[in-house]
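In: after the sequence you'll find the predicted model.
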Amino acid sequence: MLTEEQIQKFKADGYLRGGQVVSDEVVEVLRSEVLRVIDGRNGPGFQPVLLHNFGKEEAPVWQIVNIWEASEPFHELIHNPTIVEEMAQLTQAKTLRIWHDQIQYKPAVTGGVNMWHQDAPLWPILAPMTEVTAWVALDDVDEDNGCMRMVPGSHLWGNHMDMLAKLPNFEAMMTEFEGRPIEVRSCPVRKGEVHYHHALTWHGSGNNHSGRPRRAIALHFMTDETRFVASGEHVMKPFVHVADGEVMAGEHFPVVYPA
């Protein structure tokens, strides 16, 4: 469980490094599952919702959406009791559903960049923009292999994804925004640990030039106030079976809290 001090820090900064939530043994299983699903992407059988390289061919960033539906160990992870209990503390929600998960895998030496962004504007079929993510490292992640960087307090500034999308490169973050000074902080995370961030917090991650892979999974959670916006588009939209304006629900968005 999180302390009141940690909860207040999350409210102020828009992100928080938590503690260890999975053992080294479970991490090894999850790592092997990532590679198994990637290697089987062209084979028969059930596949995740999306599996592709959203980076450059020479600087790949492998993305897998909803690996929990293609892997039992990842299915168990979305119900991790520490994660969902701490998520309930951070969101003050009585009910939590998984929105979707997302593997991001940057191979050693050649792993690419994930440019500055906010999550919620990339999810236009959801409202309001209050989702929170639990980011679980499957490797020790630091600046050498492309850890996340966050702008503290940016979750309080609203939707500025259009502006962030115009930044020419990952190192081009401005020093101030609308009179507010901008501070960029690196967020190293040890394998098996969780890092929480709000869906409007500005964040991104640099190249992996190290000799180590950088594998992690982001678990995106919805609260009991999250509703479907039919006018938007998203890879998960075909799996939504509620009407416009209704609370998100369904078999692809299972309740994970309370257990």
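Out: Looks like it came in fine.
In: next, name the residue at the spatial heart of the chain.
Out: The structure's the chain has its C-alpha centroid closest to residue 218; by CA atoms, centre = their mean the separation is 3.2 Å.
In: the closest residue in space to residue 61 that isn't next to it in sequence: neighbour count?
Out: Using CB to CB, 6 or more residues apart in numbering and skipping the chain neighbours, the partner closest in space to residue 61 is residue 55 (3.6 Å). For the C-beta atoms, the positions are set from N, CA and C on the backbone; glycine is no exception. Neighbour count for residue 55, taken as other CB atoms under 10 Å: 20.
In: rewinding a little: confirm for me that the residue nearest to the centre of the chain is in contact with residue 101.
Out: Yes. Taking contacts as CB atoms under 8 Å, residue 218 lies within contact range of residue 101: 6.6 Å.
In: counting contacts, what elements does whichever helix or strand the residue nearest to the centre of the chain is part of pack onto?
Out: In the assignment (DSSP states H and E), residue 218 maps to strand 214-223. Strand 214-223 is packed against helix 24-39, helix 72-77, helix 81-91, strand 96-106, strand 132-137, with contacts defined by 3 or more CB pairs under 8 Å, 6 or more residues apart in numbering; DSSP states H and E.
In: weakest of those in terms of mean pLDDT?
Out: Looking at the helices and strands packed on strand 214-223, the lowest mean pLDDT belongs to helix 24-39 (a mean of 93).
In: show me what that helix is in contact with.
Out: 22, 47-48, 51, 62, 64, 67, 70-71, 73-74, 77, 103, 105, 138-139, 191-192, 215, 217 (CB atoms under 8 Å, 6 or more residues apart in numbering).
In: separate out the buried members of those.
Out: 22, 47-48, 51, 62, 64, 67, 70-71, 74, 77, 103, 105, 138-139, 191-192, 215, 217 (16 or more other CB atoms under 10 Å).
In: pLDDT weak spots in the stretch 151-259 of the chain?
Out: Along the stretch 151-259 of the chain, segments meeting pLDDT under 70 are nowhere present.
In: and the gap between the nearest residue to residue 47 once chain neighbours are set aside and residue 192?
Out: The shortest distance from residue 47 to any non-neighbouring residue, by CB to CB, 6+ apart, is to residue 70 (6.0 Å). Residue 70 sits at a distance of 22 Å from residue 192 (criterion: CB to CB, to the nearest Å).
In: ditto for residue 179
Out: In terms of CB to CB, residue 179 sits 40 Å off from residue 192.
In: what does residue 240 give?
Out: 32 Å.
In: same thing with residue 178?
Out: 38 Å.
In: again, but for residue 139
Out: From residue 139 to residue 192 the distance is 10 Å (CB to CB).
In: equivalent analysis for residue 137, please.
Out: 7 Å.
In: same check, this time on residue 184
Out: Residue 184 is 25 Å from residue 192, by CB to CB.
In: distance check, the closest residue in space to residue 245 that isn't next to it in sequence against residue 135.
Out: Nearest non-adjacent residue to residue 245, counting by CB to CB, 6+ apart: residue 227, 5.7 Å away. Distance of residue 227 to residue 135, given as CB to CB: 24 Å.
In: contacts only, for the closest residue to residue 125 other than its chain neighbours.
Out: In this structure, residue 125 finds its nearest non-sequential neighbour in residue 232, 3.9 Å apart by CB to CB, 6+ apart. Residues near residue 232 by CB under 8 Å, 6+ apart: 123, 124, 125, 126.
In: hang on, the first one packs against residue 131?
Out: Looking back up the chat, that one is residue 123. Yes. If you go by CB under 8 Å, residue 123 and residue 131 touch, sitting 7.1 Å apart.
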